[in-house]
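Visitor: Give me the fold of what follows.
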Amino acid sequence: MISESSPFSRRRFLESAAALTAGGFGASALAVTEPYTRVGQARLRLGLAAYSFRNYFKTMRGKPNEKVPAEDQIEMTDFIRFCAEHNCGGAELTSYFFDPDVSDAYLAECRHLAHVCGIEISGTAVGNNFSYPKGAPERAEQMTYVKDWIDKASILGAPHIRVFAGKHPEGVGEDEAEKNASEALEEAAAYAGSKGIFLGIENHDSIGTADRLLRIVKNVKSPWVGVNLDTGNFRAEDPYPDIEATAPYAVNVQVKVALKYGGETRAADLERIGKILHDTGYQGYVTLEYEENDNPFESVPPVLDRMRKFCDC
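Guide: Below you'll find the predicted structure:
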């Protein structure tokens with residue numbers, strides 16, 4: 001029997017449950033207008049994005065790999081094995097590297113392999129553009145694309161999909177593109193939420209500041225939309241305040257080893273990023289997305305070791 005004085009008393013359990021309801025699915029929580037209500041201390045889980053090996057996959061956005069010899073090319077199952085071999089608990093299976101006609105059976109094979117290796121598929125990522133106006137054929141095409149990957153993520157057992165607002169189409173102004181992105185995200189989120197999948201919008205393309213990223217997220221009336229925080233994609237004179245501002249709304253974090261300082265690129269202070277995530281109470285995957293041009297098979301493991309020092313599991 002659990003006593004009221006126990007660290008995990010019935011009263012505390014009910015308080016936590018009520019907080020989660022208010023912060024996630026209550027009647028007033030149609031949009032993520034406030035930081036997520038999380039339970040307990042920060043928990044940072046180490047992950048790795050397949051994009052780190054983008055030059056080595058057999059397929060890239062539907063095109064065959066002509067950059068490296070066939071004997072050096074990999075498939076998604078090889079990437080999952082790499083995560084297991086390097087004790088990295090989360091694998092982000094970027095959609096670009098699956099065959100365009102990937103079968104449900106192969107997606108299930110990836111899920112099976114990950115589970116028996118003790119790896120969690122932390123999510124996937126798509127390259128959509130949601131800045132087209134409602135009624136445009138391009139908007140419908142992009143929505144079909146994203147919903148198709150929501151179905152695929154469900155088969156993979158992936159709880160999160162990284163999405164974009166996209167670049168402004170010709171003739172579409174900044175404010176209109178922002179409105180279009182929020183509306184499209186809301187439609188996609190209704191479908192994603194029905195399958196228990198989060199959509200994390202990334203600071204990418206037209207989104208270079210925390211203010212704009214949070215404005216779009218807060219305008220989406222869905223608890224299934226949050227921030228996919230990419231530490232390397234803010235275009236501020238100092239990116240760290242933007243990282244700190246968006247972390248409370250993050251449902252996934254992608255870490256880069258380099259950050260943009262205005263028009264300049266500098267090495268990231270990974271330990272400082274880890275401290276920000278801890279201090280803001282983030283709970284979830286901290287996924288390395290290695291974008292340098294050297295050999296990732298050699299360069300990724302040392303970076304994972306650095307990140308492991310501030311990750312909790």
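
Visitor: D104 against D148, yeah?
Guide: No - with contact defined as Cβ atoms under 8 Å, D104 and D148 do not form a contacting pair (11.7 Å). C-beta here means a position set from N, CA and C on the backbone, and glycine is covered the same way.

Visitor: mind showing which ranges of the protein have poor pLDDT?
Guide: For the chain, the stretches flagged by pLDDT under 70 are 1-31.

Visitor: that's a strand at D99, yeah?
Guide: No - judged by DSSP: H, G, I helix; E, B strand; the rest coil, D99 forms no part of a strand; its state is coil.

Visitor: count of neighbours near the residue nearest to it when sequence neighbours are not counted?
Guide: Distance criterion Cβ to Cβ, 6 or more residues apart in numbering; nearest residue to D99, sequence neighbours excluded, is T59 at 5.5 Å. Number of residues near T59 (other Cβ atoms under 10 Å) recorded here: 17.

Visitor: ranges for the helices of the stretch 151-300 of the chain?
Guide: Secondary structure of the stretch 151-300 of the chain (DSSP state H, counting those that start in this stretch): helices at 174-194, 210-218, 240-246, 270-279, 296-308.

Visitor: Quick one: closest of those to K67.
Guide: Each of those has some distance to K67 by Cβ to Cβ; the shortest is helix 296-308, at 13.0 Å.

Visitor: okay, the angle between the closest one and helix 270-279?
Guide: Per axes from the mean of the first three to the mean of the last three Cα atoms, to 10 degrees, the angle that helix 296-308 makes with helix 270-279 is 50 degrees.

Visitor: Show me what helix 296-308 packs onto, helices and strands only.
Guide: Contacts defined by 3 or more Cβ pairs under 8 Å, 6 or more residues apart in numbering; DSSP states H and E place helix 296-308 against strand 43-49, helix 270-279, strand 283-288.

Visitor: Show me the contact partners of that helix.
Guide: 46, 48, 52-53, 56, 82, 86, 88, 255, 257, 270-271, 274, 286, 288, 290, 292 (Cβ atoms under 8 Å, 6 or more residues apart in numbering).

Visitor: Check stretch 169-176 too.
Guide: Counting by Cβ under 8 Å, 6+ apart, 129, 131-133, 136, 138, 168, 177, 180, 206 sit against stretch 169-176.

Visitor: measure the closest residue to A247 other than its chain neighbours to N252 for me?
Guide: Distances taken as Cβ to Cβ, 6+ apart place T280 nearest to A247, at 4.1 Å, with adjacent residues excluded. Separation of T280 from N252 (Cβ to Cβ, to the nearest Å): 14 Å.

Visitor: Show me which of the two is the more surrounded one.
Guide: Neighbour comparison, T280 and N252: the larger count goes to N252, with 28 against 18 (by other Cβ under 10 Å).

Visitor: Please name the residues that touch that one.
Guide: N252 neighbours (Cβ under 8 Å, 6+ apart): 122-123, 160, 162, 198, 200, 226, 228-229, 284-285, 287.

Visitor: Of these - the most surrounded one?
Guide: L229 leads the contacts of N252 on contacts (other Cβ under 10 Å) with 31 neighbours.

Visitor: how near is that one to K256?
Guide: In terms of Cβ to Cβ, L229 sits 11 Å off from K256.

Visitor: I'd like to know how many residues surround Q142.
Guide: 23.

Visitor: for C88, same thing?
Guide: What C88 shows, counting by other Cβ under 10 Å, is a neighbour count of 22.

Visitor: partners of the residue lying closest to it once chain neighbours are set aside in the sheet?
Guide: Nearest in space to C88, with sequence neighbours left out and distances taken as Cβ to Cβ, 6+ apart, is L48 at 4.8 Å. Beta bridges link L48 to A91, L288 when assigned by DSSP bridges.

Visitor: Next, the contact list for L48, please.
Guide: Contacts of L48 (Cβ under 8 Å, 6+ apart): 82-83, 86, 88, 90-92, 287-288, 300, 304.

Visitor: what's the distance between it and A114?
Guide: Note on L48: its distance to A114, by Cβ to Cβ, is 12 Å.

Visitor: Quick check: neighbours shared by those two?
Guide: In contact with both L48 and A114: A91, using Cβ under 8 Å, 6+ apart.

Visitor: quick one on the thing from earlier: ok, the residue nearest to D99 touching T94?
Guide: No - taking Cβ under 8 Å as the definition, T59 is not a contact partner of T94, at 11.0 Å.

Visitor: quick revisit: quick one: which of the helices of the stretch 151-300 of the chain is nearest R38?
Guide: When the helices of the stretch 151-300 of the chain are compared (using Cβ to Cβ), the closest one is helix 270-279, at 11.9 Å.
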